[in-house]
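>>> This is a predicted model, with the sequence first.
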Amino acid sequence: MNNFRLFGLEGSRKFAQRVARYLDVPLARHVERFFEDRETYVRSDVNVRACDVYVITSLFADKDQSVPEKLAKLLFFVGSLVDASARRITVVAPYLCYARQDRKTESRAPISIKYLAKCLEAVGADRVLTMDVHNLSAFQNAFRIPTDNLEAKNILADYLCGVDSGRDSDGIPQPAETCITEPLNRNPENLVVLAPDSGGMGRAKRFRNALEQRLQLRNQIEVAYLDKERLNGSDVQGSKIVGNVKGKRVIVLDDMISTGSTIKICVEAVEKHKGEVWAACATHGLFVGKSNKNLDGVARLVITDTIRPFRLETEKWDGRLFVIPTAMMFAQAIRRTHEEGGSISDLLQ
């Protein structure tokens with residue numbers, strides 16, 4: 001890993017440290033702070049001239065920083081790296097903010113993912129690496145620089161099926177925080193993957209294929225979707241399911257969980273159609289608003305660590321919440337990008 005620098009901005013530093021461990025490189029030093037009026041200051045504390053630089057930051061709000069503050073800090077840091085003569089700068093955002101605002105849904109509505117792309121390009125970012133962005137085509141079309149979107153479908157499928165999802169360079173297994181009860185390989189019968197809307201069918205089918213491969217099934221897991229609509233841009237309603245879930249064990253799959261209202265109506269719709277929600281899975285768990293209340297009826301909640309579930313009332317989720325690590329996957333993607341010849345597509349397969 002010659003001429004290589006890896007930074008982890010505050011809020012994602014622990015995640016970056018895990019990535020650095022898998023790459024067997026030190027995390028580069030940097031300075032960041034806020035002035036009294038919350039203006040941000042950030043700079044590298046090491047030489048980056050002619051280096052291939054990777055900046056890790058997951059752009060979600062936490063108790064210390066808002067999304068705009070994290071974004072401003074990232075933009076200023078990337079700009080400072082350009083001015084310090086870095087050769088190439090890759091933004092690694094396990095969770096990418098503003099990706100849901102990907103088209104005009106009403107008059108004069110912002111297309112925020114497009115503006116985000118322009119900001120990153122303007123300060124000098126050369127590439128963006130993220131995971132399970134909300135709308136892949138909108139994400140790819142917004143940027144003029146290269147982009148890579150990792151998918152969590154394989155590590156989710158490995159985990160649900162009780163399969164060892166891999167080992168790091170030292171041969172150490174990559175365990176989730178807890179083992180899921182009754183993995184699917186013990187009883188692979190009567191399964192359905194449910195997308196929360198018709199737009200999620202592509203993701204649901206790819207996930208279904210990953211499950212069938214691990215469970216050695218062929219055309220036995222069905223895919224369905226909830227016919228829902230949004231009211232006033234946020235409220236969700238719908239109870240009709242397109243597909244058969246009667247007498248089935250249903251796995252609800254979404255790219256993210258925000259307030260949990262969509263998962264709640266999925267659970268209610270499945271029960272109305274005489275099915276059972278076996279688990280709800282998502283890559284990103286924001287868990288804002290009334291999420292603790294909305295998710296009460298979920299028997300198993302499976303997410304990745306792109307966002308730590310710090311907003312959940314953990315005592316209520318003992319034995320029901322399962323968090324899958326993604327740092328090794330990001331480390332592999334970074335190594336393949338840095339070596340200029342490694343295939344991200346092979347990684348996703």
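Structure received.
>>> can you give me the strands in the chain?
4-8, 30-34, 40-44, 52-56, 88-93, 127-131, 147-150, 191-195, 222-231, 235-242, 249-257, 276-285, 301-304, 321-324 (DSSP state E).
>>> Can you list the low-confidence ranges for the stretch 101-250 of the chain?
164-179, 181, 229-238 (pLDDT under 70).
>>> quick one, which of the strands of the chain is nearest to Val267?
strand 276-285 (4.9 Å; CB to CB). For every residue, glycine as well, the C-beta is placed using N, CA and C.
>>> what comes into contact with the closest one?
Residues outside strand 276-285 that contact it (CB atoms under 8 Å, 6 or more residues apart in numbering) are 60, 95, 131-132, 152, 156, 160, 180, 191, 207, 248-257, 263, 266-267, 270-271, 295, 297-304, 306-307, 309, 312.
>>> now the angle from that strand to strand 191-195?
Strand 276-285 and strand 191-195 are oriented at 40 degrees to each other (axes from the mean of the first three to the mean of the last three CA atoms, to 10 degrees).
>>> in its sheet, what does strand 276-285 sit against?
strand 249-257 (parallel), strand 301-304 (parallel) (DSSP bridges).
>>> okay, it in PDB with CA atoms only?
Output of strand 276-285 as PDB, limited to C-alpha atoms (Å, rounded to 0.1, in the frame of the first residue of the first chain):
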ATOM      1  CA  GLU A 276     -45.500 -14.000   9.600                       C
ATOM      2  CA  VAL A 277     -42.700 -11.500   9.500                       C
ATOM      3  CA  TRP A 278     -39.700 -13.600  10.300                       C
ATOM      4  CA  ALA A 279     -37.200 -10.700  10.100                       C
ATOM      5  CA  ALA A 280     -36.800  -7.100   8.900                       C
ATOM      6  CA  CYS A 281     -33.500  -6.300   7.200                       C
ATOM      7  CA  ALA A 282     -31.900  -3.100   6.100                       C
ATOM      8  CA  THR A 283     -28.400  -1.800   5.300                       C
ATOM      9  CA  HIS A 284     -28.800   1.500   7.100                       C
ATOM     10  CA  GLY A 285     -30.600   2.000  10.400                       C
END
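>>> quick one: the nearest residue to Asn294 once chain neighbours are set aside from Leu74, how far?
Spatial nearest neighbour of Asn294, excluding adjacent residues (CB to CB, 6 or more residues apart in numbering): Gly260 at 3.4 Å. Distance, Gly260 to Leu74, using CB to CB, to the nearest Å: 28 Å.
>>> Verify the contact between Leu321 and Arg311 for me.
No. Using CB atoms under 8 Å as the test, Leu321 is too far from Arg311 to be in contact (11.9 Å).
>>> okay, now the domains of the chain?
Following automatic domain parsing, the chain resolves into domains at 4-151+327-348, 153-324.
>>> As TSV, those with mean neighbour count would be great.
Shown next, in TSV, are these (neighbours: other CB atoms under 10 Å):
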stretch	mean neighbour count
domain 4-151+327-348	18
domain 153-324	18
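>>> which residues touch Tyr54?
Phe4, Arg5, Leu6, Phe7, Ile89, Thr90, Val92, Ile334, His338.
>>> Please disregard the earlier target; I meant Gln65.
Taking CB under 8 Å, 6+ apart, one finds Glu10, Gly11, Lys73 in contact with Gln65.
>>> for Ala157, same thing?
Val163, Phe207, Ala210, Leu211, Gln213, Arg214.
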